[in-house]
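K.L.:
could you look at this predicted model? Sequence included:
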Amino acid sequence: MASTPTTSIFFIFIALFLYHFHFPSQPSSPDASQTLPPNSTRHGTPSRRNYIVRFRHYKTAADHRSYLESNLRSRGWHWIHRHNPASKFPTDFALVSVEDSVMDGFTREIQALPLVKDVHVDMSYTRGLLHKDRTHKRKAGSFVDGKKRPGKIFTSMSFSEEPYGDGDDGPSGCSFTHNSSVKLGRQLFMQKSQVTSMFGAEDLWAKGYTGAKVKMAIFDTGIRADHPHFRNIKERTNWTNEDTLNDNLGHGTFVAGVIAGVDAECLGFAPDTEIYAFRVFTDAQVSYTSWFLDAFNYAIATNMDVLNLSIGGPDYLDLPFVEKIWEITANNIIMVSAIGNDGPLYGTLNNPADQSDVIGVGGIDYSDHIASFSSRGMSTWELPHGYGRVKPDIVAYGRDIMGSKISKGCKSLSGTSVASPVVAGVVCLLVSIIPESDRHDILNPASMKQALVEGAAKLSGPNMFEQGAGRVDLLESYGILKSYKPRASNVTLKVSSPPAQGESPRTSICVLQLKLKVVPTPPRSRRILWDQFHSIKYPPGYIPRDSLDVRNDILDWHGDHLHTNFHIMFNMLRDADYYIETLGSPLTCFDARQYGTLLMVDLEDEYFPEEIEKLRDDVMYTGLGLAIFAEWYNVDTMVKMRFFDDNTRSWWTPVTGGSNIPALNDLLAPFGIAFGDKILNGDFSLLGEQSRYASGTNIVRFPRGGHVHSFPFLDSSESGATQNVLLNSDTKPDSPILGFTEMGKGRVAVYGDSNCLDSSHMVTNCYWLLKKMLDFTSTDTRDPVLFSNSVKLDTSLYEDDKQLPSRRTDVNFSTYSAVVGKDLICRSDTRFEVWGTKGYSLQVQGRTKKLPGYPLIDLGRGLNSTLDTSTRSNRIFNTRNKVDSFGNTYLGLFYGDELDAPKLVGINWLVPAVVAASGFLLLCFWRIRQKRRRRRKGSGSGRFSTLL
């Protein structure tokens, strides 16, 4: 027993280790500050979060505080003082800290206050450097190897100090079927050329235009006051919780140098521009929405002319941020922003550059080829209920651009964050050509964008979602602005504004001048209808990536549209003389007699009962063809994919799988077809084509007489992985994945994987298979191999209802669905309301679009808040019982089992406490034994008694 104290201490040490490192459910907190206490919990204190309370009017902070304190009876909240330069101006929001335990009562009270507009969680932004790792070829982002980094979800919005090498078109894991950047000899010769000379800035300098008396706001990491590259730093302000105005990263300094640097080696466009450096990012590249709101308000109050913002991300539903951008542009501040470094994928535009009022800038190289890193359009705000907008607006040189270092000297960098200040510098130069007395009447975000777009040089090769209007042309835009008169660009409308009280209606009339090429209506067999209505993407919900092999891009946020990640498929179908139209309404809203095939790919939403009935009739009696590409769905795998978000202090779990198989099975039930819950991976060959089946599902029901193709694949689902261990490693059971069948007058073709059509992370394409499926569904053309007797079913495939994939009962799907809890109404495709509580709770009433700005409240529950019940009719599915005993429930943590979120958060102290208590009891037991031994030995052991 002599070693018992050591053993006890060892147990206590293990307990402390487990407490601090084993449980990720309580992330460490950043230090509190006067500027912004963290959204976190200190040990022994109540859990709290920071909320932005927006008001309907601008007033002093003291007035807003007095209003809240006099009208809110709830305890557990307190006012956060914001000590920054904006505090001397009226404000339209407050920052408060609220205990989670009182949030419900606080919400009810604050919603009833007439002067309060809405409440939102104060979101954090974390910007990662887009760097090149030659070993791993990995971009910095929110997810690394499937794990979420701290902060708000973001994309790679900064730039690379090391340009991509020869033969390297960009990050790995992408399908590079795009207009890639070609390394030409003249590019190497021009790498270190002044970017200003590429646009002819010297011509305007010679005319005396140098950006004088133009107030340029640079929202970034700050700048040093004594930097030798700048002659006109007017003001530096700090909006972070760090006590410094200096740039310790170099990001803000480089951006300022491209705009207004005077060093001969790295000249800026407008050397006499007045620089106002807004430090909105910490040295750790973290920022908060509230910091931006205060900084934006200050920019408005101090009458900035131009604002450059080289940050962004996929969340366009951070309403306070988005609406403040609108306010910035409404106050005649010209905002320029980088479109993002998530190319060459389509549908990867970043906010705020994807907003209409913002000049969104993409990147090109010196050979006028679209840079591989430059994000592509279209905008995805409007999806799935309509078409997005053309973005970027323009492109500019973004590779190997020279700019200023932190203290002195120049360096060469690449990225759209470089292209953005190139355009911002051009804009400053253009603003300076307009006399100050006329600027208010002539210049605004619309007129400047018009001058840039009309003057841009269209590039040969790239499409409009890659280059927008083309490469910015400084001298052409100068000529346009020099004689500029306000006008509409190529479109003319009648615009009526509702009158204010006591006013008459205001109407403006413009004349339309459009040229349209009208083609005859194509034959039915060549017309394909693409179902966009039943697609859901991030935001508003955690919709997982279709391929589970992709670990660093786990969110499905590219839109799943014909002009985003399915654009290559769209081009292929057009080349094959198909005409593809998009359906942004329920299946009850189209005339099936006009179309040969309804194409349904990777869909996540539910279906109205009326839709299921109509589709059955359309196929059986109208002869509509149906082609379906499904995706994986496995509840156990979805549970394993959840993660804890330190920002909202909530668990994020997938709303559905790659596609919504339970809903799809309901849709296909009238045809006797159903998919299973396997997650299949493997290579196969068909019709002489080698293909990859990537995280696809299996067919478990199919009618007799149909033709079904099966291949040996491994099942990587949770249950399938266990079976794979039990089977011989060389044995792979055949799984049905492709089926063809006739149904009345129509025909149905199904396939269990859509990754081969999605250009986001495509390994091999299956366009050849899509053509064969459309040949069958639209014209009943049958390939002899696909319809051979060897694959014809003599008996039906059938799996019992209890074995079919089941819906999750722990997710409130109505939050994300356009079907569940909604009315079935056929209206305009722009009807869907994208405004909600930052995407966490879409406000949809029927199908009527509302104007933003109505009262709303975000409780910050994360991407998939769980309510008591679900409004869907769910089949009950069996889950592993983890509460059958103390040991199975809690000791399972040591073996990697994952508990439900509330339990894991609630009992994260239990195991360490048990271990520590055991060590303490062992120590007490040892001391009692020692005392008994000393009594037996009597006075002879007195020396040892003294030691005790």
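P.N.:
Yep, that arrived.

K.L.:
excluding sequence neighbours, find me the nearest residue to residue 605.
P.N.:
Leaving aside its sequence neighbours, residue 605 sits nearest to residue 534 (C-beta to C-beta, 6 or more residues apart in numbering; 4.0 Å). In short, each C-beta sits where N, CA and C put it, glycine included.

K.L.:
what is the burial count for the one you found?
P.N.:
25 (other C-beta atoms under 10 Å).

K.L.:
what do you get for residue 354?
P.N.:
For residue 354, the count of nearby residues is 27 (other C-beta under 10 Å).

K.L.:
contacting residues for it?
P.N.:
By C-beta atoms under 8 Å, 6 or more residues apart in numbering, residue 354 lies in contact with 316, 339, 360, 377, 379, 380, 381, 389, 391.

K.L.:
strands - which of those residues land there?
P.N.:
residue 360 (DSSP state E).

K.L.:
got the contacts of residue 354 as a markdown table, with pLDDT columns?
P.N.:
Output for these, formatted as a markdown table (pLDDT from 0 to 100):
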| residue | pLDDT |
| --- | --- |
| 316 | 75 |
| 339 | 92 |
| 360 | 95 |
| 377 | 85 |
| 379 | 85 |
| 380 | 79 |
| 381 | 74 |
| 389 | 85 |
| 391 | 92 |
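
K.L.:
nearest to residue 738 among the contacts of residue 354?
P.N.:
Residue 738 has its nearest neighbour among these in residue 380, at 30.2 Å by C-beta to C-beta.

K.L.:
residues near that closest one, how many?
P.N.:
Using other C-beta under 10 Å, residue 380 has 30 neighbouring residues.

K.L.:
sorry, back to before: PyMOL command to pick out the buried ones of the contacts of residue 354?
P.N.:
Buried members of the contacts of residue 354, identified by 16 or more other C-beta atoms under 10 Å, are gathered into one PyMOL selection as follows:
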select buried, resi 316+339+360+377+379+380+381+389+391
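
K.L.:
so residue 563 touches residue 346, yeah?
P.N.:
Yes. Under the criterion of C-beta atoms under 8 Å, residue 563 makes contact with residue 346 at 7.0 Å.

K.L.:
so what sits against both of the two?
P.N.:
377, 378, 465.

K.L.:
next one: residue 803, what pLDDT does it get?
P.N.:
Listed pLDDT for residue 803 reads 91.

K.L.:
wait, what's in contact with it?
P.N.:
Residue 803 makes contact with 676, 700, according to C-beta under 8 Å, 6+ apart.

K.L.:
re the thing from before, which of residue 563 and residue 346 has more residues huddled nearby?
P.N.:
Regarding residue 563 and residue 346, a neighbour count based on other C-beta under 10 Å identifies residue 346 as having more, with 27 against 23.

K.L.:
my guess is the more buried one meets residue 379, correct?
P.N.:
No. Here residue 346 lies out of contact with residue 379, judged by C-beta under 8 Å, at a distance of 11.1 Å.

K.L.:
OK, contacts around residue 93?
P.N.:
Counting by C-beta under 8 Å, 6+ apart, residue 93 touches 52, 53, 54, 55, 290, 293, 320.

K.L.:
mind doing that once more with 6 Å?
P.N.:
Neighbour list for residue 93: 52, 54, 293 [criterion: C-beta atoms under 6 Å, 6 or more residues apart in numbering].

K.L.:
setting aside sequence neighbours, what's the nearest residue to the first one?
P.N.:
Here the nearest residue to residue 52 in space, its sequence neighbours aside, is residue 120; by C-beta to C-beta, 6+ apart that works out to 4.8 Å.

K.L.:
and the helix or strand containing that neighbour, what does it pack against?
P.N.:
Per DSSP states H and E, residue 120 falls inside strand 116-121. Strand 116-121 sits against strand 48-59, with contacts defined as 3 or more C-beta pairs under 6 Å, 6 or more residues apart in numbering; DSSP states H and E.
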